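> Fold the following for me, if possible:
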Amino acid sequence: MTGSRRYFGTDGIRGTVGEFPITPELVMHLGYAAGKVLASGAGLGQGQHAGVLIGKDTRISGYMLESALQAGLSAAGVDIYLAGPMPTPAVAYLTRALRLSAGIVISASHNPFGDNGIKFFSAHGNKLPDAVEHSIEARLEQPIETMPSAQLGKARRIDDAAGRYIEFCKSTFPAELDLRGLKLVVDCAHGATYHVAGEVFHELGADVITIGDLPDGLNINHECGAVHPQALQEAVKANRADLGIGFDGDGDRVVMVDADGLVYDGDQLVYIIAAYRRAAGLLQGGVVGTLMTNFGMEQALSALEIPFLRAGVGDRYVLEKLQENDWQIGGENSGHIICLDRHTTGDGIVSALQVLHAVRASNQSLAELAKPVTLYPQVLVNVRVNRGFDFNADANVMGAVEDLEQTLSGSGRVLLRASGTEPVIRVMVEGSDSTRIRELADQLAGAVAQAAEAAG
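Take a look at the predicted model:
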């Protein structure tokens, strides 16, 4: 969680369905609280209602949570527009296109089907500011006071939501290029892209084989998609395809696979987009990564004299740093990629199209375009500590970190960060020698554990 917030984390509210806070009672109250807060800032005239779009991924619990949100919003006097199963970035786009007050996504992204979550977009298609989330949390502490019957919100379904979003995605690809002659395998993770992703690439001319497109409410992200690319690798080789594109359950992550079955992660894809744009004179500013971005990607960008900054882990922090610097390209190695000149948020389909733009315009393969990036091995060790342990204030831990950084002497990185959800310190060491960095990571993890134990 961030600050003193009880419900909102870095990406909305998320948890196990049926357990606090993902219960129908709490979610109905959340819909009411959000409706009240959003309506108060909508600048509406007499008799007008705020309008909120609701989209969801393919989890079975989405039906229950959608109904709960709808009831809460209606009680607050807010009109509801139902998009059905749609990718998270589609909700951001449609909220803006339909001039609505906000968008709500019911999704737990790459998590298994037993989890779910609620995240919000502003009228401009951005994540809600912290101040608005704080206001919603404060309103959650107050009881529901249902509006008079004549002032209740109404609900309607957006029947052309998928078609609108498909056209939007296609519009982010250059009109002078197409995908004819490319054979693509698209893995939708049995998630929210199942009925839109294949259509986008097909309508741009590609020969598309879609897998992971049979959601049953229980199979989202199960051994498929961006988080489990093995199925995509096998399908690319079995179908002798040119490329594979894999999304996560809500469609905001992407990984790609080449004809040899090699996987390209978010760091490599961000590099391909940025390097192509620089060569074409289209890059505005530099690139934003996160604390987890591979050192090899940073070095490759440096070789091209492309500025690089690291943000905290989480796409909202990447977005904030892009906006602060008036840059356009950023992302995480997990496959969250933001192209602000194309969309207001991370979008797996749009990001894949930017990579395909580079492939088509340069007439080079993924392997050729990503060749300058030599990914360094990373070792991550989790150290359980007592709640409240501050490693930054511990002289022994800071001394161990300094010694390790001197040992690596510019040939790698050391990162310590506290988990936002459990009493764990994550120790990450990165360098060219995997055996050596494993030893160094274990040494540092031991120093952290010893210091935490001494601190009680």
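> How is this structure partitioned into domains?
13-159, 165-370, 378-455 (automatic domain parsing).
> Quick one: those domains as a markdown table, columns for mean neighbour count, distance to residue 7 and mean pLDDT too.
Quick note: C-beta positions are derived from backbone N, CA and C, even for glycine. Converted to a markdown table, the domains of the chain look like this (neighbours: other C-beta atoms under 10 Å; distance: least, C-beta to C-beta, whole Å; pLDDT from 0 to 100):
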| stretch | mean neighbour count | distance to residue 7 | mean pLDDT |
| --- | --- | --- | --- |
| domain 13-159 | 20 | 5 | 93 |
| domain 165-370 | 21 | 16 | 97 |
| domain 378-455 | 16 | 13 | 91 |
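> Residue 103 touches residue 125, doesn't it?
Yes - counting by C-beta atoms under 8 Å, residue 103 does reach residue 125; the two are 7.5 Å apart.
> overlap in contacts of the two?
Common contact partners of residue 103 and residue 125 (C-beta atoms under 8 Å, 6 or more residues apart in numbering): 92, 95.
> Any chance of the domains of the chain in a markdown table with distance to residue 6 as columns?
Listed next are the domains of the chain as a markdown table, based on distance: least, C-beta to C-beta, whole Å:
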| stretch | distance to residue 6 |
| --- | --- |
| domain 13-159 | 6 |
| domain 165-370 | 18 |
| domain 378-455 | 13 |
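> if you go through the stretch 251-400 of the chain in chain order, where are the strands?
Applying DSSP state E, counting those that start in this stretch to the stretch 251-400 of the chain gives strands spanning 254-258, 263-264, 287-290, 308-311, 329-331, 337-339, 378-384.
> Pull the residues that contact the first one.
This points to strand 254-258. The contact list for strand 254-258 (C-beta under 8 Å, 6+ apart) reads 185, 226, 229, 232-233, 236, 242-247, 263-266, 269, 335, 337, 348-349, 351-352, 355, 365-367.
> got it, and the shortest one?
Residues from elsewhere that reach strand 263-264, judged by C-beta under 8 Å, 6+ apart: 229, 233, 255, 256, 257, 258, 272, 366, 370.
> In the residues you listed, find the pair that's most separated.
Greatest spatial distance in the contacts of strand 263-264: 233 and 272, 18.7 Å, computed using C-beta to C-beta.
> I'd like the distance between residue 389 and residue 396.
From residue 389 across to residue 396, the span is 12 Å (C-beta to C-beta, to the nearest Å).
> excluding its backbone neighbours, what's nearest residue 155?
residue 80 (4.2 Å; C-beta to C-beta, 6 or more residues apart in numbering).
> Surely that neighbour is within a strand?
Yes - checked against DSSP: H, G, I helix; E, B strand; the rest coil, residue 80 lies within a strand.
> Name all residues that make contact with it.
For residue 80, counting by C-beta under 8 Å, 6+ apart, the contacting residues are 51, 52, 54, 69, 70, 73, 74, 153, 154, 155, 156.
> tell me the phi and psi of the third one?
Read that as residue 54. Per-residue torsions, residue 54: phi -120, psi 130 (degrees, to the nearest 10).
> Name the helix or strand for the closest residue to it other than its chain neighbours, please.
Leaving aside its sequence neighbours, residue 54 sits nearest to residue 104 (C-beta to C-beta, 6+ apart; 4.9 Å). For residue 104, the element it lies in under DSSP states H and E is strand 102-106.
> Partner strands of that strand and their direction?
Strand pairing for strand 102-106, using DSSP bridges, gives strand 51-56 (parallel), strand 115-122 (antiparallel).
> ok, then the element right after the longest one?
From strand 115-122 onward toward the C-terminus, using DSSP H and E, the following helix or strand is helix 130-140.
> Compute the inter-axis angle for that next one and strand 115-122.
Here the directions of helix 130-140 and strand 115-122 differ by 120 degrees (axes from the mean of the first three to the mean of the last three C-alpha atoms, to 10 degrees).
> what about helix 130-140, distance to the chain center?
In this view, helix 130-140 has its centroid 22 Å away from the chain centroid, taken as C-alpha atoms, centre = their mean, to the nearest Å.
> what packs against the next helix or strand after that helix?
Sequence-wise, the next helix or strand downstream of helix 130-140 (DSSP H and E) is strand 155-157. Other helices and strands packing on strand 155-157, by 3 or more C-beta pairs under 8 Å, 6 or more residues apart in numbering; DSSP states H and E, are strand 79-85.
> what sits up against the following helix or strand past the strand it packs on?
Following strand 79-85 in sequence order, the next helix or strand is helix 88-97 (DSSP H and E). Helix 88-97 is contacted from outside by 53-55, 57, 83, 86, 100, 102-105, 107, 109, 119, 121-126, 158, 161, 164-165, 168, 192, 196, 250-252, 343-350, using C-beta under 8 Å, 6+ apart.
> So residue 155 is in contact with residue 82, correct?
Yes - in this structure, residue 155 is within contact of residue 82 by C-beta under 8 Å, at 6.3 Å.
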